[in-house]
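Q: Following is a predicted model, sequence given first.
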Amino acid sequence: MKKIITILMLSLGVFSLPVGQVFATPIADAAASLVVTDEAADWRVAKLEAFLASFNSPLTNKASHFVSEADRLSLDWRLVAAIAGVESTFGKHVPGGSYNGWGWGIPTGARSGIGFESWEHGITTVSEGLKKRYVDRGAITVEQIGRIYAASPRWAGNVHFFIRQIDKFSPRGTDLLAVTI
């Protein structure tokens, strides 16, 4: 229920919910009960989750991990997801069982490289690697990162494309906007 209301709020252009938001629980009998929560929903998680779902990505339910790792490491919350968009169509095209949607540790021309235990492990490893091996060494723009990260001169432009797509994303379709009270 909370997820549906959050997606609805995003579609209306509201990008944060205040602390103490009130949500109605499903009706069990003639009277509905109200639940008050002190937990403010992070609009970035809801937006990224809905965006990844629009691609039918296996990373969809990892949106909160993308955001929490970005916050922990002071990275752009969209960066690691955007790289996955460029490298694997958001985790849809990866070496079997590798959970490596970022092309991490895969030399140019090779079919496989580093494998991760899970999507979370991959998100954490890539985020930490970007911070320590790129940002902390002075590669702070997508273009600077791209010169090291990828052989393609179009890589940075492609990453920027997905960052803009995440920014502009608004869920469409009645299935994303349904509310049951």
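A: Cool, got the structure.
Q: can you pull out the helices in this structure?
A: For the chain, the helices defined by DSSP state H cover 2-11, 43-54, 63-73, 79-88, 119-133, 142-149, 155-168, 174-177.
Q: ranking those helices by burial, who's on top?
A: Using mean count of other C-beta atoms under 10 Å, the stretch among the helices of the chain with the greatest mean number of neighbours is helix 79-88 (a mean of 24). Glycine gets a C-beta too; all of them are placed from N, C-alpha and C.
Q: could you redo the helices of the chain as TSV and give each row distance to G96 and mean pLDDT?
A: TSV is the format used below for the helices of the chain (distance: least, C-beta to C-beta, whole Å; pLDDT from 0 to 100):
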stretch	distance to G96	mean pLDDT
helix 2-11	31	42
helix 43-54	21	96
helix 63-73	22	97
helix 79-88	12	97
helix 119-133	14	97
helix 142-149	23	96
helix 155-168	24	97
helix 174-177	31	46
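Q: Could you dump those helices into TSV and include distance to V94?
A: Shown next, in TSV, are the helices of the chain (distance: least, C-beta to C-beta, whole Å):
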stretch	distance to V94
helix 2-11	26
helix 43-54	15
helix 63-73	16
helix 79-88	5
helix 119-133	9
helix 142-149	17
helix 155-168	17
helix 174-177	26
